[in-house]
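Q: got a predicted structure here, sequence first:
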Amino acid sequence: MAAKAPDRRRNNPPSHGTTPPVFLSTSSDDIKPAQSSRPPDEIRKIFLRTGLISSVTGSSFLEIAPLKLSVSVLGPRPLPRSASTPFAAQAILTTEVKFAPFASTVRRGYIRDSSERDLGSRLYQALVGAIRRELYPKSRIEVVVTVLDSEDEGDDVNTVCIEDGRTVEPQFWDVGRADRALGVVLAGCITAASAALADAGIEMFDLVSGGVASVFVDGGDVKGKGKAGAGGKRYVRDPAVAPPDGDAPVATCVLGYMAARDEISELWISGKLSTSEGTAEMDELVDEAVAAARSSRGVLNEAAKERVQFIVEKAQSQSTETPSATGQGKDVEMTG
Amino acid sequence: MASSVSAPASIAQNNTPDTSEPPPLTFSTSLFRHISPALYLQRHLLHEPPIRPNGRHPSQHRDFTLTTNSLSHAHGSAVVRTGDTAVVCGIRGEILTLAPGDDHTAFESYHRSHASGTYGRGSRGSGGASWGDLIVSNLEISTGCSKKYPLGPPGSFAQTLSDQIQELIRVSKLVDLTSLRICAQDATPEPSQRPIKGYWSLYIDVLCISLDGNLLDAAWYAIVAALRSLKLPLASWNHLEERIFCDRSSLHPISLRGNLPMVATFILVPVARSSESAGSKGHTHNSDNIILNDPDAFEEDQANETLTILSTSINGEQEKNPRSRTGLLGTKTRIEKIEKIGECKLGNLHLRECLILAVEKSSRFTEALIKEGLDAGNFIV
């Protein structure tokens, strides 16, 4: 990979350019993804904690198996006063999703690429309806997501086999995998971002939680999925990106869902769905994703509750203690 | 002690026409901190015993937690959290394949001037962008880690720190660059005789997740710990394909310096001692400086001097090292680099005090490394 023009704001690699390591596998069944023992209607364990970053208004950290992301909310703060800034009766929301360079199998650069921009705009779509933006005129709310680790294509992207003395590049039998990986990240982003917004004390109609669901066709006969009796459909909530038994899902749905209002704020379905029975198949897939979002909403509620309790306890302990007892210095009188 | 400002007569008359004295204007502590941060900090430091607003003693550093190898895609990683500063460091190796005729010695040198003619490597100062070395370190703070630093391309602070870290790696010769060689597997028995086909290039990326002062120390500790935890797959030259392939099943660490250099940052804060007796401000000629170890963001803003010391403590068993000549402070400590930014005069006494604190901090870090199972004993150095 020839290196592009060097970035004048960063330290650059050697001019020769570097390539990610390519692994040599002698037999194709070298690595098997870990078998998941989860029932299809159970989502993975979510770790969500808010208020870890003290220097911003609101923040959260989310961990779902390999996915780790940190969200910080800056604002609401006033828009810069310049001629180019139009008047905004409602708060302007900006969302940014950035993968750390070491967050995926192939190293990402520091400049945001198209998939990160795409995730950012989808996250915007999911959140913008939930925030009571009219309460914050002439101000700006920034949501910044940093993805530290993610589950993606897996190492077989850069694995080659040698057969009969010549290299065989891996065959991408599962083209939707990259999309699915982004979908899982998006669902995590939505859940974590609403936790961070709540932590920032920004008024919202409801908390948005993300959910993912996939539909599999048993028997692996993808073409015959529309016909009745050709392999039963299996719906899996919060599916693993690399499915354990090697069969790829037919379609995947990612959505942002407001449970209290029963509203979907963002919907992203990728894959093939049959329309022979009307929208029945799609409806079922969306229902499964909503159920997954409801499950993660429970975690979201817990995190919000935990944070409120922490703040209340802190406030109570501060009001009972005198400032001098904490060693925080004495009140200084200033006359004037 | 209150620094009194004589009130304008008109206000005093309007407020209290009958009594002789106007009610004093008092602020809460948190408000005072915002209105006059410098004075707020000084008052704390003049307290007996001196205590910083964050509750620490001036010479006390924040304790930190270290976690290594928590990322699945990085070859080596570390998370360091000191107080409210949290950084994540991930290191990935990529392969640089040498073209026939390339001079490989250029890559094994930390002295950039040797190769600058050929590949235009060199500091950013010479005409802006340039190509770098085998070790590429970058620090990112545009992650929403603080209100102060806007999103987008790195500003001057991030660039300065990235450069400083790159410089520290270079000065301390932290990584043994010859251990990054990828050699052809010839019949030659002597490994050093094998032709070099390429190199591992290490991308060290440090992301600041939460920022509350003294980012450099946290970033450096994360880098050192991540380098220690680094495990690269075995790479070898394939004759048939004429390219380098890796083997996932056998991983190996890289060799670092035996004595790890540690960074400690201090700031000097001016404290006007004379203000205890006089009501007037501005006795700068009488001012003294207090050294604060491991400053947080609030203290950093008030500093008029920043001192960064890169030092190495030499363990007893490694005393055979010919470079460990300097004996200081009981334990053998070598200063490798001192960076001083500011306007203060700094005496030997100050330096000695800082050095003792730096040694203390680095021993605490070594402890943390041992706890992670990454102490020097596990490595062939």
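A: Great, that's in hand.

Q: so for residue 223, what's the pLDDT?
A: Assuming you mean chain A. At A:Lys223, the model reports a pLDDT of 44.

Q: the intended chain is chain B.
A: pLDDT, B:Ile223: 94.

Q: do the same with A:Ala83
A: With respect to pLDDT, A:Ala83 has a value of 75.

Q: that one and chain B, how far apart?
A: Counting by C-beta to the nearest C-beta, to the nearest Å, the gap from A:Ala83 to chain B is 20 Å. Every residue, glycine included, has its C-beta placed from N, CA and C.

Q: how about that residue, secondary structure?
A: Following DSSP: H, G, I helix; E, B strand; the rest coil, A:Ala83 is assigned to coil.

Q: for it, the count of nearby residues, please.
A: When counting by other C-beta atoms under 10 Å in any protein chain shown, one arrives at 5 neighbours for A:Ala83.

Q: just B:Ala106 next, same as before
A: When neighbours are counted by other C-beta under 10 Å, B:Ala106 comes out with 19.

Q: now the helix or strand hosting B:Leu349, how far from the centre of its chain.
A: Per DSSP states H and E: B:Leu349 is located in helix B:348-371. The chain centre lies 13 Å from the centre of helix B:348-371; the measure is C-alpha atoms, centre = their mean, to the nearest Å.

Q: strand partners of the helix or strand B:Ser313 falls within, parallel vs antiparallel please.
A: Using DSSP H and E, B:Ser313 sits within strand B:305-314. Partner strands and pairing direction for strand B:305-314 (DSSP bridges) are strand B:262-272 (antiparallel), strand B:332-342 (antiparallel).

Q: could you list the buried residues of the last one?
A: Along strand B:332-342, the positions that meet the burial threshold by neighbour count (16 or more other C-beta atoms under 10 Å in any protein chain shown) are B:332-334, B:336.

Q: can you give me the neighbour number for the closest residue to B:Ser142 other than its chain neighbours?
A: Using C-beta to C-beta, 6 or more residues apart in numbering or on different chains and skipping residues adjacent in sequence, the residue nearest B:Ser142 is B:Leu151, 5.1 Å away. Residues lying near B:Leu151 (other C-beta under 10 Å) number 14.

Q: on the three-state scheme, B:Leu151 is what?
A: Recorded secondary structure, B:Leu151: coil (three-state DSSP).

Q: which residues sit in contact with it?
A: If you count contacts by C-beta atoms under 8 Å, 6 or more residues apart in numbering or on different chains, B:Leu151 has them with A:96, A:142, A:144, B:142, B:144.

Q: of these, which pair is most distant in space?
A: A:Glu142 and B:Ser142 (11.3 Å; C-beta to C-beta).

Q: just the strands in the stretch 1-150 of chain B please.
A: Here the stretch 1-150 of chain B has its strands, by DSSP state E, counting those that start in this stretch, at B:64-68, B:76-82, B:85-97, B:135-140.

Q: got it, and the stretch 51-200 of chain A?
A: Secondary structure of the stretch 51-200 of chain A (DSSP E, counting those that start in this stretch): strands at A:58-64, A:67-78, A:92-99, A:139-149, A:159-163, A:166-168.

Q: most packed of those strands?
A: For the strands of the stretch 51-200 of chain A, the largest average neighbour count (mean count of other C-beta atoms under 10 Å in any protein chain shown) is found in strand A:58-64, namely a mean of 25.

Q: what residue ranges in the chain score low on pLDDT?
A: Since you didn't name a chain, this refers to chain A. Low-confidence segments of chain A (pLDDT under 70): A:1-4, A:26-36, A:153-157, A:162-175, A:219-231, A:243-246, A:321-336.

Q: not what I meant, chain B
A: Along chain B, the parts satisfying pLDDT under 70 run over B:1-20, B:111-130, B:186-192, B:273-287, B:315-331, B:375-381.

Q: for chain A, what's its nearest residue on the stretch 101-250 of chain B.
A: The nearest approach of the stretch 101-250 of chain B to chain A comes at B:Gly144, 3.2 Å away (C-beta to the nearest C-beta).

Q: so that residue touches A:Val97, yeah?
A: No: at 11.2 Å, B:Gly144 does not count as touching A:Val97 under the criterion of C-beta atoms under 8 Å.

Q: give the contact list for A:Val56.
A: A:72-74, A:200, B:144-147.

Q: and these, which is closest to A:Pro21?
A: Nearest member of these to A:Pro21, counting by C-beta to C-beta, is B:Cys145, at 30.4 Å.

Q: enumerate every residue touching that closest one.
A: Contacts of B:Cys145 were listed using C-beta under 8 Å, 6+ apart, and they are A:53, A:55-56, A:72, B:208-211.

Q: looking at neighbours, which among these is most surrounded?
A: For the contacts of B:Cys145, the largest number of neighbours (other C-beta under 10 Å) sits with A:Ser72, at 29 neighbours.

Q: next, the closest residue to that one other than its chain neighbours: phi, psi?
A: In space, and not counting its chain neighbours, A:Ser72 is closest to B:Gly144: 3.5 Å by C-beta to C-beta, 6+ apart. Per-residue torsions, B:Gly144: phi 70, psi 30 (degrees, to the nearest 10).

Q: burial count for B:Gly144?
A: 30.

Q: ok, now which ones touch it?
A: B:Gly144 makes contacts with A:53, A:56, A:59, A:71-74, A:96, A:142, A:144, A:146, B:151, as judged by C-beta under 8 Å, 6+ apart.

Q: export those residues as CSV, with columns for distance to A:Ser114.
A: Converted to CSV, the contacts of B:Gly144 look like this (distance: C-beta to C-beta, whole Å):
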residue, distance to A:Ser114
A:Ile53, 28
A:Val56, 27
A:Ser59, 27
A:Val71, 21
A:Ser72, 23
A:Val73, 24
A:Leu74, 24
A:Glu96, 14
A:Glu142, 21
A:Val144, 18
A:Thr146, 18
B:Leu151, 18
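
Q: longest helix in chain A, please.
A: helix A:280-320 (DSSP state H).

Q: what's the angle from it to strand A:58-64?
A: Orientation note: helix A:280-320 sits at an angle of 130 degrees relative to strand A:58-64 (axes from the mean of the first three to the mean of the last three C-alpha atoms, to 10 degrees).

Q: is helix A:280-320 anywhere near chain B?
A: No: counting by C-beta under 8 Å from any C-beta of the partner chain, chain B has no neighbours in helix A:280-320; the shortest distance is 10.5 Å.

Q: gap between that helix and the chain center?
A: In terms of C-alpha atoms, centre = their mean, the centre of helix A:280-320 is found 16 Å from the chain centre.

Q: for that helix, name the packing helices and strands.
A: Packing contacts for helix A:280-320, counted by 3 or more C-beta pairs under 8 Å, 6 or more residues apart in numbering or on different chains; DSSP states H and E, involve strand A:46-50, helix A:177-199, strand A:208-217, strand A:233-237, strand A:251-258, strand A:263-271.

Q: and with 6 Å instead?
A: In terms of contacts (3 or more C-beta pairs under 6 Å, 6 or more residues apart in numbering or on different chains; DSSP states H and E), helix A:280-320 is packed against strand A:46-50, helix A:177-199, strand A:208-217, strand A:233-237, strand A:251-258.

Q: any chance of these in a markdown table, plus distance to A:Thr105 and mean neighbour count?
A: Shown next, in a markdown table, are the helices and strands packed on helix A:280-320 (distance: least, C-beta to C-beta, whole Å; neighbours: other C-beta atoms under 10 Å in any protein chain shown):
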| stretch | distance to A:Thr105 | mean neighbour count |
| --- | --- | --- |
| strand A:46-50 | 23 | 19 |
| helix A:177-199 | 10 | 26 |
| strand A:208-217 | 20 | 28 |
| strand A:233-237 | 23 | 20 |
| strand A:251-258 | 19 | 26 |
